[in-house]
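Asks: Dropping the sequence and predicted coords here.
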Protein chains: 2
Amino acid sequence: MAVGSQGPRQLVLGLLLCALGPSVSQGGKLLLVPADGSHWLSLVGVLQQLQQRGHDIVVLAPEASIYIKEGASYTLKKYPVPFRKEDLEETFASLGFRVFENEPFLQRVVKTYKKVKETSALLLSSCSHLLHNKEVMSSLVESSFDAVLTDPFLPCGAIVAQYLALPVVFFLSALPCSLHFHATQCPNPPSYVPRSLSSNSDHMTFLQRVKNMLIAFIEISLCNVVYSPFVPLASEILQKDVTLQDLLSSASVWLLRGDFVKDYPRPIMPNMVFIGGINCLNKKPLSQEFEAYINASGEHGIVVFSLGSMVSEIPEKKAMEIADALGRIPQTVLWRYTGTPPPNLSKNTILVKWLPQNDLLGHPKTRAFITHSGSHGIYEGICNGVPMVMMPLFGDQMDNAKRMETRGAGVSLNVLEMTSDDLANALKAVINDKRYKENIMRLSSIHKDRPVEPLDLAVFWVEFVMRHKGAPHLRPAAHDLTWYQYHSLDVIGFLLAVVLGVAFITYKSCVFGYQKCFGKKGQAKKSQKSKTH
Amino acid sequence: MAVGSQGPRQLVLGLLLCALGPSVSQGGKLLLVPADGSHWLSLVGVLQQLQQRGHDIVVLAPEASIYIKEGASYTLKKYPVPFRKEDLEETFASLGFRVFENEPFLQRVVKTYKKVKETSALLLSSCSHLLHNKEVMSSLVESSFDAVLTDPFLPCGAIVAQYLALPVVFFLSALPCSLHFHATQCPNPPSYVPRSLSSNSDHMTFLQRVKNMLIAFIEISLCNVVYSPFVPLASEILQKDVTLQDLLSSASVWLLRGDFVKDYPRPIMPNMVFIGGINCLNKKPLSQEFEAYINASGEHGIVVFSLGSMVSEIPEKKAMEIADALGRIPQTVLWRYTGTPPPNLSKNTILVKWLPQNDLLGHPKTRAFITHSGSHGIYEGICNGVPMVMMPLFGDQMDNAKRMETRGAGVSLNVLEMTSDDLANALKAVINDKRYKENIMRLSSIHKDRPVEPLDLAVFWVEFVMRHKGAPHLRPAAHDLTWYQYHSLDVIGFLLAVVLGVAFITYKSCVFGYQKCFGKKGQAKKSQKSKTH
């Protein structure tokens, strides 16, 4: 028998939701405090839907933003910052370029640490300039919003929400160092939940579990570099002592751009809503330029290649290695690359400054996807069922690549160590070995088989928080316990003390009883004996 | 501003889902192994919807069943058992009647233990007769079902599913002794997750946490009385050694009749789907008889009173106390009661053998609901926004009552200790004190504000498991760890050994170094000194 696919039902429902939308919802006022970069891009669809449903949206952004621009579905409110857009672009670009520098491990760590500190100082100054801008802040107070929607990658939006005493919804892929699990009081057992940067899967050997545990111990202090400076700033603005946990645990609902097709199943909390794949929904027809490339590719089809919004240029030597590998497959490769074209570029490789990634991946002639395995790209690969060659560069990309690799949906390469042969072989494998295609198609069918589309779910929960002024019924009582109470250490200590106390008293009573019964006899015998001597 | 209610959107969507249903789904074959009693009643709606969507459903039930009867939406397949329907009815009725016997605590515990053992022996024999019935079992094999849907209150359905090598969906309110959390590897911190029968809320004092921890220690052994006999039976039938954990952890998806309006927020797992309130959806117009009662009640309206399907008769003394209290309120009371009418019954109290509980609670003139606080009744109270006077009798009813009481939606009474005054005062409070109505209306609005109706969600997940032959992507790797690996005890032991080892070696090296440097000098000095003497 065949149990019918949900596909058509989903589509019809989605359309109906859109059609029904504005007529059943009265407009509210929403304040959005986004993070710049690719994080912003996946929010735009949610804003459009919310605006169509009759809500007024104000987007609060620094004057120097890379991606955040005026848009039809929201009012952009800008605030001055002490840096220019170019400074930001340079910082991001150098972060991207740095990953290709093949230095000794320790040197690499120190340099990355410095770079991250520099970038976060820039972002902190942006936040500080917002919070100290009396004019902007009082205009926000006067606007009487219903809720705040923010990406908590930087806790600036959370501080604004607390300042305005408004409920807040977080929209994110994940926070570094398991901060989102700490903040939601979500159990995070290191025995089968791989820590970020560990390159572990959910099935670990003993030594991998040791490594995972060690990372679990130290990861929080690692994140302090970026997050600790926000704590005194928040305390100053809110005029009370707050901790990072206070700021991050304030969210009513966490909209997480993940699901259990990409991520390993693990404990979750009731206020976590999984909206992985939200970025795949918005499909457009291809432009003539890209249609032409695909048509010219013949029976072999195309390969889509992009290393994400932060990396569009790479060192020449590496670029030449890559170009060499790309030349060895019969497919046409569309490569998003803005740097100087490598001199050995083959005829089958077309460099473009930008490409409609999701639309290209959706084309039936797309055979493979070379990606840095950022969460957006991974979901576009899953949605469209395209096997992947992954070159993770930083952040959660190693973990994403590991997840896809353990599911047999792609091959992961170390971009620093890989040779031209490695890349060519990986490409040939994912294109010619049918198992990769079968696996990614299976993941795709599971991922797309869901009771509600992720975009509708996100919109629902934002509106829910606006309607009910938060979601206190989803806040666990764990937030009101100290760490030792949470782990029942005081109770265990008390019970141990009782058990030991009872054991001690029992022992003493037995000894006393024994002495009482036999002690005197023994002594009497003894004294008798000594007398007989 | 007002953010529009989701209500109308929900309704329209619900209707559309129903309308869309059969046309987008190709029929599958589903085997249902239900539990008898009220557990069965909430399954019927799901069966109707599944049948409308084109699935063939076979319900497997013992010849002696109380509630499970022929139905239009399924084929009933009966198997012989060594007891009659009357035996079962008598057993259930005596369990219900026993709760009113006011005996000393220990005597009560011993008697209840014996009764539960007796009842579970009856149910075990039913399961054993099914599994040993070669004719029935081979006809099941031949039927090639796609999946099994079962209430795991008894693990018989889980054994059948494993025998047929089919994926299984569990449908339940909860299992006793936190078994459903053990089976799903769901963390269950005793510091803020109240254990069943503890009467704790999620905010506990130190001593309540001690009590909770003690219950957490012993609850599993308590459940062994009922569940352990199924283990050798399963091992025999499946011809391999299985544990209770193997049987219960086999479920692909757990459809749990709960939500975080009734239950306290706590960790959950990705394969838990919350469908609390699924029993409220099926509303019918009232019969003329009940319409007449309500119309005659005047401005004061009515009170609905039922102690559930298992208790329809209570000892005369208690019945008279209750009748006395009911006579002291101006409302008309509709009391589901099949015993001899108490002699002091007032004019305002009408005894009925059965009442359309959910439909009556939905009437705007219903002022209060006297309930034993079974999960069905609680949800009907929440859905319809009716404040409750709760008289929990057994099982999860104490916990349900506690949850509603801490949310200010009702008053909980101890049915054994309460006086006539207590009941009258409780009724007057929930009817006249507006806060109870406000609180239950707030809970009601949150409960009903959801992205998908619970019935649609249940149907979706049953079909999902049929379509994909299970849901392995939702099964956590924790199932493949031993208990000490899960809690990382081996890793902690190893790390401690390393730390202690390093400390020991460092200490020994220091001592050795010290002796090397100063030891000889010291000795030299000493010997010098002794020479000078």
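Replies: Good, I have the coordinates.

Asks: close to chain B, is the helix or strand containing A:Leu32?
Replies: Using DSSP states H and E, A:Leu32 falls within strand A:29-33. Yes: Strand A:29-33 lies within reach of chain B by CB under 8 Å from any CB of the partner chain, at A:Lys29. (Each C-beta comes from the backbone N, C-alpha and C, glycine too.)

Asks: Equivalent analysis for stretch A:388-403, please.
Replies: No: using CB under 8 Å from any CB, stretch A:388-403 never reaches chain B; the gap is at least 11.1 Å.

Asks: ok, for the residue of the stretch 51-200 of chain A found nearest chain B, nearest residue in space, not its chain neighbours?
Replies: The stretch 51-200 of chain A approaches chain B most closely through A:Pro187 (3.8 Å), counting by CB to the nearest CB. Closest residue to A:Pro187 apart from its sequence neighbours, by CB to CB, 6 or more residues apart in numbering or on different chains: B:Pro187 at 3.8 Å.

Asks: Pretty sure the one you found sits in a strand.
Replies: No: the assignment for B:Pro187, made by DSSP: H, G, I helix; E, B strand; the rest coil, is coil rather than a strand.

Asks: Contacts only, for it.
Replies: Neighbouring residues of B:Pro187 by CB atoms under 8 Å, 6 or more residues apart in numbering or on different chains: A:187, A:189, A:267, B:181, B:267.

Asks: Please tabulate those residues in CSV, including the columns pLDDT and distance to A:Leu106.
Replies: Listed next are the contacts of B:Pro187 as CSV, based on pLDDT from 0 to 100; distance: CB to CB, whole Å:
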residue, pLDDT, distance to A:Leu106
A:Pro187, 97, 34
A:Pro189, 97, 31
A:Pro267, 98, 35
B:Phe181, 96, 45
B:Pro267, 98, 39
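
Asks: Can you add distance to B:Glu405 and give these back as JSON lines?
Replies: Output for the contacts of B:Pro187, formatted as JSON lines (distance: CB to CB, whole Å):
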{"residue": "A:Pro187", "distance to B:Glu405": "28"}
{"residue": "A:Pro189", "distance to B:Glu405": "33"}
{"residue": "A:Pro267", "distance to B:Glu405": "28"}
{"residue": "B:Phe181", "distance to B:Glu405": "23"}
{"residue": "B:Pro267", "distance to B:Glu405": "24"}
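
Asks: what two of those are the furthest from one another?
Replies: A:Pro189 and B:Phe181 (13.9 Å; CB to CB).

Asks: For the residue nearest the centre of chain A, which residues are in contact?
Replies: The centroid of chain A falls nearest to A:Ala174 when counting by CA atoms, centre = their mean (2.3 Å). Going by CB under 8 Å, 6+ apart, A:Ala174 touches A:180, A:196, A:256, A:258, A:375, A:396.

Asks: now with 10 Å?
Replies: Contact analysis of A:Ala174 by CB atoms under 10 Å, 6 or more residues apart in numbering or on different chains lists A:153, A:180-181, A:196, A:256-258, A:263, A:375, A:395-396, A:399-400.

Asks: possible to save these as TSV with neighbour count and secondary structure?
Replies: Listed next are the contacts of A:Ala174 as TSV, based on neighbours: other CB atoms under 10 Å in any protein chain shown; DSSP: H, G, I helix; E, B strand; the rest coil:
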residue	neighbour count	secondary structure
A:Phe153	22	coil
A:His180	22	helix
A:Phe181	19	helix
A:Ser196	18	coil
A:Leu256	21	strand
A:Arg257	22	coil
A:Gly258	22	coil
A:Asp263	22	coil
A:Ser375	25	helix
A:Gly395	18	coil
A:Asp396	20	coil
A:Asp399	24	helix
A:Asn400	28	helix
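
Asks: Do a quick rundown of the strands in the stretch 401-533 of chain A.
Replies: Counting by DSSP state E, counting those that start in this stretch, the stretch 401-533 of chain A has these strands, from start to end: A:410-412.

Asks: Repeat that for chain A.
Replies: Ranges of strands within chain A are A:29-33, A:56-62, A:75-79, A:147-150, A:168-172, A:253-256, A:272-274, A:302-306, A:332-336, A:349-352, A:366-371, A:388-390, A:410-412, based on DSSP state E.

Asks: Next, format these as CSV and append mean pLDDT.
Replies: Compiled in CSV, the strands of chain A are given as follows (pLDDT from 0 to 100):
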stretch, mean pLDDT
strand A:29-33, 97
strand A:56-62, 96
strand A:75-79, 96
strand A:147-150, 98
strand A:168-172, 97
strand A:253-256, 98
strand A:272-274, 98
strand A:302-306, 96
strand A:332-336, 95
strand A:349-352, 94
strand A:366-371, 97
strand A:388-390, 97
strand A:410-412, 97
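
Asks: Tabulate those (TSV), appending distance to B:Met204.
Replies: Formatted as TSV, those follow (distance: least, CB to CB, whole Å):
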stretch	distance to B:Met204
strand A:29-33	37
strand A:56-62	41
strand A:75-79	45
strand A:147-150	31
strand A:168-172	28
strand A:253-256	26
strand A:272-274	24
strand A:302-306	53
strand A:332-336	56
strand A:349-352	61
strand A:366-371	49
strand A:388-390	47
strand A:410-412	47
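
Asks: what's the closest of the ones you listed to B:Arg98?
Replies: Of all the strands of chain A, strand A:272-274 sits nearest to B:Arg98, with 42.7 Å by CB to CB.

Asks: Next, the buried residues of that closest one.
Replies: Of all the residues in strand A:272-274, those buried under the rule 16 or more other CB atoms under 10 Å in any protein chain shown are A:272-274.

Asks: And stretch A:143-159, by the same measure?
Replies: Of all the residues in stretch A:143-159, those buried under the rule 16+ other CB under 10 Å are A:145-159.

Asks: where does the stretch 251-400 of chain A have low pLDDT?
Replies: For the stretch 251-400 of chain A, applying pLDDT under 70 flags the ranges A:312.

Asks: in it, which spans are helices?
Replies: Applying DSSP state H, counting those that start in this stretch to the stretch 251-400 of chain A gives helices spanning A:288-296, A:316-326, A:357-361, A:375-384, A:397-406.

Asks: Show residues contacting the shortest one.
Replies: Okay, so that is helix A:357-361. Outside helix A:357-361, the residues that touch it by CB under 10 Å, 6+ apart are A:279-287, A:290, A:293-294, A:302-306, A:308, A:334, A:336, A:355, A:366, A:368-369, A:371, A:376-377, A:379-386, A:388.

Asks: can you give me the mean pLDDT across stretch A:151-161?
Replies: For stretch A:151-161, the mean pLDDT works out to 95.

Asks: Now that stretch - C-alpha only, CSV.
Replies: What follows is stretch A:151-161, C-alpha atoms only, in CSV (Å, rounded to 0.1, in the frame of the first residue of the first chain):
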residue,chain,number,x,y,z
ASP,A,151,18.0,37.4,17.1
PRO,A,152,19.8,36.8,20.4
PHE,A,153,23.1,36.2,18.8
LEU,A,154,23.8,39.5,20.4
PRO,A,155,21.7,40.1,23.5
CYS,A,156,21.0,43.8,22.6
GLY,A,157,17.4,43.1,21.6
ALA,A,158,16.8,41.3,24.9
ILE,A,159,18.1,44.3,26.8
VAL,A,160,15.8,46.6,24.8
ALA,A,161,12.8,44.3,25.5
